[in-house]
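1. how would this look folded up:
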Amino acid sequence: MIDFFLNVGSVEQIYTVVDFYTYIKGLEYLICLLLFSIFPIFYRYIHGGGED
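-> A predicted model of the protein is given here:
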């Protein structure tokens with residue numbers, strides 16, 4: 001897990017278009033998972049403040 005966080009910002013040399021597409025697709029999936037997990041929490045925070 002520590003290696004993952006150390007290598008997140010590292011720049012790798014990509015030789016082919018397929019490697020580039022695979023790399024970008026992986027990052028895209030990670031961003032989607034992050035947003036899909038954060039949005040419900042944020043939505044509850046915004047719309048849950050009136051219950052006192």
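2. which one's the longest helix in the chain?
-> helix 17-47 (DSSP state H).
3. How many neighbouring residues does Tyr45 have?
-> 9 (other CB atoms under 10 Å). For glycine as for every other residue, the C-beta is placed from the backbone atoms N, C-alpha and C.
4. Kindly apply the preceding question to Pro40 instead.
-> 9.
5. Distance-wise, check Ile14 relative to Tyr21.
-> 9 Å (CB to CB, to the nearest Å).
6. and the longest helix of the chain, how far out from the chain's middle?
-> How far helix 17-47 lies from its chain's middle: 4 Å, per CA atoms, centre = their mean, to the nearest Å.
7. pLDDT averaged over it - what is it?
-> In this model, helix 17-47 carries a mean pLDDT of 91.
8. so what does it touch, helix or strand wise?
-> Helices and strands touching helix 17-47, by 3 or more CB pairs under 8 Å, 6 or more residues apart in numbering; DSSP states H and E: there are none.
9. What residues of that helix count as buried?
-> Along helix 17-47, not one residue counts as buried under the neighbour rule (16 or more other CB atoms under 10 Å).
10. what's the burial count for Ile14?
-> Residues near Ile14, counting by other CB under 10 Å, number 13.
11. any idea which element it lies in?
-> Using DSSP states H and E, Ile14 falls within no helix or strand.
12. show me what contacts it?
-> Residues in contact with Ile14 (CB atoms under 8 Å, 6 or more residues apart in numbering) are Phe20, Tyr23.
13. Tell me the predicted confidence for it.
-> In this model, Ile14 is scored at 76, pLDDT.
14. Can you classify Glu12 by secondary structure?
-> coil (DSSP: H, G, I helix; E, B strand; the rest coil).
15. any idea how far it is from Lys25?
-> With CB to CB as the criterion, Glu12 and Lys25 are 15 Å apart.
16. again, but for Asn7
-> 17 Å.
17. before we move on, what about Ile31?
-> For Ile31 relative to Lys25 (CB to CB), the value is 11 Å.
18. cool, and Phe4?
-> From Phe4 to Lys25 the distance is 17 Å (CB to CB).
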